[in-house]
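A.B. asks: below is the sequence, then the predicted model.
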Amino acid sequence: MSKETILLVVLIYLVVINAIAFVMYGLDKKKAKQSQWRIPEATLLGLAAVGGSVGAWLAMKIWHHKTLHPQFKYGVPLMLVAQIAIAAVIGYFWMKK
């Protein structure tokens, strides 16, 4: 597989997982307001952990959802920073080849 193909697959994955995270956080906020079933916190954090941290963080900011829970307030931004650092390291070594 070429570098371009790998990059395209990774970018598509990131767009999709961040869109899913964004929608799921918004859906959970809506369900919370309506006193209905909720999306488990482990699922929301898991989406952020597998690459959806940007979508999760944006949803938290836009809908003011989960902003007081320490595992979200600190966990999601830490995941975002870690994912950016990992991407930077991978990108650095990939560009050296």
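C.D. replies: Ah, there it is.

A.B. asks: drop to CA atoms for contacts and neighbour counts, all remaining ones
C.D. replies: Fine.

A.B. asks: so where is this structure shaky, pLDDT-wise?
C.D. replies: Within the chain, not a single segment meets pLDDT under 70.

A.B. asks: which residue ranges of it form strands?
C.D. replies: Using DSSP state E, the chain contains no strands.

A.B. asks: now do the helices in it.
C.D. replies: 3-33, 41-47, 53-63, 70-73, 75-96 (DSSP state H).

A.B. asks: report the buried residues of the longest one.
C.D. replies: Neighbour-count burial for helix 3-33, with 16 or more other Cα atoms under 10 Å as criterion, is recorded at 14-15, 17-22, 24-26, 28-29.

A.B. asks: over to the third one?
C.D. replies: Within helix 53-63, the residues scored as buried using 16+ other Cα under 10 Å are 53, 54, 55, 56, 57, 58, 59, 60.

A.B. asks: give me the nearest residue to residue 32, chain neighbours excluded.
C.D. replies: Of all residues not flanking residue 32 in the chain, residue 38 sits nearest, at 6.7 Å (Cα to Cα, 6 or more residues apart in numbering).

A.B. asks: quick one: contacts for the one you found?
C.D. replies: 28, 31, 32 (Cα atoms under 8 Å, 6 or more residues apart in numbering).
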